[in-house]
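**Student:** Below is the sequence, then the predicted model.
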Amino acid sequence: MGSRARWMVVALSLLLVGLVIAGCGSSGGSSTSASTGGETTAEEVSETNESSSGGSDEIAAAKEFVAEHDNAANLRYPEPPKKPYNPGTGKVGIMVCSTTGTGCLEMGKQAVRAAKAAGWEPSEIVDGEFNPAVQNAAIERFVQQGVDGIIIGATDLPSLETSLGAAEKAGIPVVCIACNEVSKYKGTGPVPIATVKGAVAGEYLGNLVVSKSEPGERIIQFTDKAFTILVERAKGAEKVIKEKCPSCEYELQYVAAEELSKPGPPYFSAALATHPEGDLGWAFAPSDDFNIAGVKTIEQQGRNVKVAGGDGEPGFLEEMLTSPEIAVGTIVEPFPYEAWSAMDNLARMKLGMKTWDTSDMPPFIVATKAVAEEAAEAAPDHYIPPGFEFEKMFEEIWSGS
């Protein structure tokens, strides 16, 4: 307990909704299933709260929430059964939503490390290109290659039903890092997930936004409708913002992940262009991958617009240090622990052992500038709290004969 206690004291001291729909004071029901129609045009859904209440008491409550969740004093993580076992050997196929997304890529890197530690042979990290057709094809190739297991990262399970069904028919276990709830997948086979539930991460994010807001501010949030967990995060944040800043003018805009690679990106540039100085308080997405380029655009235009996100990506943490008045905070999701947990459950499934529940991880922390300063030296790829010796824990569990 000594090493875990030490990491817990620091954990809510930084590390993305997780990207996530219950727990942590949430009342539950903001989960929303996303369309998987593959639309690439941005469409806007505007929702304006017309309450005239200033909401100062609610804003104070949001500040209290952030203060309670910026340290790890009471943080507890689900743990695997401690009895050592031999995870065997095998080939694991690894595919993530896109290797251009820093969070997605880190999930893949950690899955590779975990597989090697377990004695399995990992594939190269396959780029899912933010495209369900590409992702289905990748899983089907893994099936044809006869891999012993598949790990996928940050994909939308309902859009992969065909290929997941093929894996199930072939008897190949599949696990997913940072995916939507198992119940969203309509297939017959289980796909254990290792994630922070979308609405939980969204609740953290919403409180962070409100804690840095003034009554009556205009708030624009972007999300990608093709990824259920990002929609769940956005809806979780939306619920808190409407409850705790009733006078704020709130809009939710749906955009396509492919726009991340375009200059601007277009949705950030459009939001700035259509709202003059002083008319826009916030422009943000529930994932740091969406926000990093947006922060740079705001900087270039010399605008006074705030951004907060999710996942705790190193690039966004750097922006929190260089432009703290713009990049005000993020919610750090424990991708490394999720990936190693996913590998453990994959091995257990292959051996016919009972899996353990990894579907409701807490975020590592609500990260503000002070946490970013601590993380700057510790997060070349993704923040792992000092003293969090989860790799050693799994290696000991996998040491059985």
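**Tutor:** Great, that's in hand. Numbers count the residues shown, from 1 in each chain.

**Student:** Counting by contacts, list what the helix or strand hosting residue 394 packs against.
**Tutor:** Residue 394 is part of helix 390-397, with elements assigned from DSSP states H and E. With contacts taken as 3 or more Cβ pairs under 8 Å, 6 or more residues apart in numbering; DSSP states H and E, helix 390-397 sits against helix 102-118, helix 335-350. Glycine gets a C-beta too; all of them are placed from N, C-alpha and C.

**Student:** Can you show me the strands along the stretch 251-400 of the chain?
**Tutor:** Assigned by DSSP state E, counting those that start in this stretch, the strands in the stretch 251-400 of the chain fall at 282-284, 307-310, 327-332, 365-367.

**Student:** how far does the longest one sit from the chain's center?
**Tutor:** Which is strand 327-332. Chain-centre distance of strand 327-332: 12 Å, with Cα atoms, centre = their mean, to the nearest Å.

**Student:** Please apply the same query to stretch 386-396.
**Tutor:** With Cα atoms, centre = their mean, you get 22 Å for stretch 386-396.

**Student:** For that stretch, which residues meet the burial criterion?
**Tutor:** Within stretch 386-396, the residues scored as buried using 16 or more other Cβ atoms under 10 Å are 386, 387, 388, 389, 390, 391, 393, 394.

**Student:** Flag whichever of those residues scores worst on pLDDT.
**Tutor:** Scanning the buried residues of stretch 386-396 for pLDDT, the low point is residue 386. It has 71.

**Student:** about what we covered before: just name the most buried of the helices and strands packed on helix 390-397.
**Tutor:** helix 335-350 (a mean of 27; mean count of other Cβ atoms under 10 Å).

**Student:** ok and that one relative to helix 102-118, angle-wise?
**Tutor:** Per axes from the mean of the first three to the mean of the last three Cα atoms, to 10 degrees, the angle that helix 335-350 makes with helix 102-118 is 50 degrees.

**Student:** pLDDT averaged over helix 335-350, what's the number?
**Tutor:** Computed over helix 335-350, the mean pLDDT rounds to 96.

**Student:** Please save the CA atoms from that helix in PDB.
**Tutor:** Taking C-alpha atoms only, helix 335-350 is exported to PDB below (Å, rounded to 0.1, in the frame of the first residue of the first chain):
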ATOM      1  CA  PHE A 335      -4.300   6.400 -20.300                       C
ATOM      2  CA  PRO A 336      -1.200   4.500 -19.100                       C
ATOM      3  CA  TYR A 337      -3.000   2.700 -16.300                       C
ATOM      4  CA  GLU A 338      -6.000   2.000 -18.700                       C
ATOM      5  CA  ALA A 339      -3.700   0.500 -21.300                       C
ATOM      6  CA  TRP A 340      -2.000  -1.900 -18.800                       C
ATOM      7  CA  SER A 341      -5.400  -2.800 -17.300                       C
ATOM      8  CA  ALA A 342      -6.700  -3.600 -20.800                       C
ATOM      9  CA  MET A 343      -3.700  -5.900 -21.400                       C
ATOM     10  CA  ASP A 344      -4.300  -7.700 -18.200                       C
ATOM     11  CA  ASN A 345      -8.000  -8.300 -19.000                       C
ATOM     12  CA  LEU A 346      -7.100  -9.400 -22.500                       C
ATOM     13  CA  ALA A 347      -4.700 -12.100 -21.100                       C
ATOM     14  CA  ARG A 348      -7.400 -13.200 -18.600                       C
ATOM     15  CA  MET A 349      -9.900 -13.500 -21.400                       C
ATOM     16  CA  LYS A 350      -7.600 -15.600 -23.600                       C
END
